[in-house]
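Enquirer: need coordinates for the following:
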Amino acid sequence: MRTAVRRLTVVVADDHHAVRAMIARLLEPDFDVVAAVGTGKDLLAAIAASQPDAAVVDIFMPDMTGIEAVRRLPPSLHPAIVFLTTVNDPALAAEALCRGGQGYVLKGSAAFDLVPALRAALAGRTFISSPLH
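Expert: Modelled structure (predicted):
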């Protein structure tokens, strides 16, 4: 008898509904998207409620930055974090990684980089979008 393999769970946070929907569709073949939210406050609530394996977090959201939201997570609820942004800035990437992220993916590279970034983060490795190298 085969045992079912549990799919890894992900929360998506981005302040643009269309981007959240696109990211969820991109991830669904490989992960279970358990929540898609538009604010840092909602991200904190979604992570507390679902305790996902990972989160894809937009850096710039209206109520607080994604970096601030991740910083507020208690260590016991800290999933693997991949930041998603349009900002191609090595200094911002370094800050995001120092503040709790394991990945930094540019939105323009998400179709190619997001799933590998999540897999790397979940394996304890760091991933940075190739245009930033």
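
Enquirer: the most centrally placed residue in the chain pairs with what?
Expert: With distances taken as C-alpha atoms, centre = their mean, the residue of the chain nearest its centroid is residue 56 (1.4 Å). According to DSSP bridges, the residues that bridge with residue 56 are residue 12, residue 82.

Enquirer: what residues are up against it?
Expert: 10, 11, 12, 13, 14, 23, 27, 82, 84, 105, 114, 118 (C-beta atoms under 8 Å, 6 or more residues apart in numbering). C-beta here means a position set from N, CA and C on the backbone, and glycine is covered the same way.

Enquirer: quick one: the closest residue to the fourth one other than its chain neighbours from residue 111, how far?
Expert: What it means is residue 13. Nearest residue to residue 13, sequence neighbours excluded (C-beta to C-beta, 6 or more residues apart in numbering): residue 43, at 4.1 Å. Noted for residue 43: a distance of 23 Å to residue 111, by C-beta to C-beta, to the nearest Å.

Enquirer: who has more neighbours, the two?
Expert: residue 43 (27 against 10; other C-beta atoms under 10 Å).

Enquirer: tell me the phi and psi of the closest residue in space to residue 53 that isn't next to it in sequence?
Expert: Spatial nearest neighbour of residue 53, excluding adjacent residues (C-beta to C-beta, 6+ apart): residue 8 at 4.3 Å. With angles defined as degrees, to the nearest 10, residue 8 sits at phi -70, psi 150.

Enquirer: relative to residue 35, how far out is the residue nearest to residue 13?
Expert: For residue 43, the distance to residue 35 - C-beta to C-beta - is 8 Å.

Enquirer: give me the common contacts of those two.
Expert: With C-beta under 8 Å, 6+ apart as the test, residue 43 and residue 35 both reach residue 11.

Enquirer: which one's the longest helix in this structure?
Expert: helix 110-122 (DSSP state H).
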